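> No letters, just coordinates:
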């Protein structure tokens, strides 16, 4: 009898423990990940998103009090990864992983980037950040209910990291050296470039406002031979047009349109038809 009772108790305990282990509840500050590529750089941010829930957020006596270090989110330290070297508000920061902490105040925010070791945000407070910057917050409307981190003003060489909550938006300008890297790549492959290399080099020169005659020379090399690609011929048409060579540009646009039609790309057909119309005026 005692053995049966003991077995029953063990079974009940096991079932109760197993049931408890299966119970899952929503997080008050759910985890989030945001990724963005600009230029040749990939950036990823991992953070948690607390909600306002009717509370005063940024104030002297708010949930996030002025002039004190904030973990910049909830739960673990907010983590940001850079795939290349960058500058943050003009200050250099090496590629790698960093913890972001902030110190809000009424007129400005201090934003700290610490070499990332773990998720314990309190462990960074007494350390020296790899980079610290001061930025001016902006007011937003309507209010942002859940703390949010994202990117805006994205260009080929940078973006603005934006942290927003309640009525406050904090912008942090991040930039990366693109031209130097691209130019090094162009110079490296020009000894024996492929059609795609010529196309990439010509496209970069064209879109960056560099030497258009050089861009034309490269795009013509890309379009040599019988196996022409409609998007590459389209680029030649655009470069010719920007050089003021409208007659040649129209001929290239017509050819690009024919090649696109054969390939079944209606978008390029339409773009080339519009260009022919515009350049014929």
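The structure has been received and is ready for your questions. The model shown is predicted, which means the values in this text are computed figures rather than measured ones.
> From residue 58, how far off is residue 65?
8 Å (C-beta to C-beta, to the nearest Å). Every residue, glycine included, has its C-beta placed from N, CA and C.
> Likewise for residue 223?
From residue 223 across to residue 58, the span is 57 Å (C-beta to C-beta).
> Sketch out the strands for the protein, chain order is fine.
For the chain, strands defined by DSSP state E occupy the ranges 31-38, 41-48, 58-59, 64-65, 78-82, 86-88, 91-93, 96-104, 109-115, 131-135, 138-152, 158-175.
> what pairs with the fourth one, and is each one parallel or antiparallel?
Each strand pairing with strand 64-65, determined using DSSP bridges, is listed with its direction: strand 58-59 (parallel).
> Distance from the partner strand to the middle of the chain?
Here the centre of mass of C-alpha atoms in strand 58-59, compared against the chain's by C-alpha atoms, centre = their mean, to the nearest Å, lies 28 Å away.
> For that strand, what does the pLDDT average out to?
Mean pLDDT, strand 58-59: 94.
> how does this protein divide up, domain by domain?
The chain breaks down by automatic domain parsing into domains covering 31-175, 179-279.
> Including mean neighbour count and distance to residue 22, could the ones you listed go into a markdown table?
Below are the domains of the chain laid out as a markdown table (neighbours: other C-beta atoms under 10 Å; distance: least, C-beta to C-beta, whole Å):
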| stretch | mean neighbour count | distance to residue 22 |
| --- | --- | --- |
| domain 31-175 | 17 | 20 |
| domain 179-279 | 17 | 50 |
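> for the strands of the chain, which one sits closest to residue 196?
Nearest of these to residue 196, taken as C-beta to C-beta: strand 31-38 at 19.9 Å.
> Could you figure out how far that closest one is turned away from strand 138-152?
Angle between the axes of strand 31-38 and strand 138-152 is 70 degrees (criterion: axes from the mean of the first three to the mean of the last three C-alpha atoms, to 10 degrees).
> Partner strands of strand 31-38, with direction?
In its sheet, strand 31-38 lies beside strand 41-48 (antiparallel), with partners assigned from DSSP bridges.
> which other residues reach the partner strand?
With contact meaning C-beta atoms under 8 Å, 6 or more residues apart in numbering, strand 41-48 is reached by 27, 29-37, 72-76, 78-84, 86, 100, 147, 149, 151, 159, 161, 174, 176.
> for stretch 190-203, same thing?
186, 189, 215-216, 218-219, 221-225, 229, 232, 235-236, 239.
> Just the ones in helices from these, please.
If you go by DSSP state H, those have 186, 189, 215, 216, 218, 219, 221, 222, 232, 235, 236, 239 in helices.
> Relative to residue 229, how far out is the second one?
Going back to what we said before, that points to residue 189. Separation of residue 189 from residue 229 (C-beta to C-beta): 18 Å.
> now the fourth one
For residue 216, the distance to residue 229 equals 17 Å [C-beta to C-beta].
> and what of residue 117?
The gap separating residue 117 from residue 229 is 48 Å, by C-beta to C-beta.
> Please tabulate the ones in helices among the contacts of stretch 190-203 in CSV, including the columns pLDDT and distance to residue 250.
What follows is these, written out as CSV (pLDDT from 0 to 100; distance: C-beta to C-beta, whole Å):
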residue, pLDDT, distance to residue 250
186, 84, 29
189, 78, 31
215, 97, 18
216, 97, 15
218, 96, 21
219, 97, 16
221, 94, 21
222, 95, 19
232, 98, 17
235, 98, 15
236, 97, 12
239, 97, 13
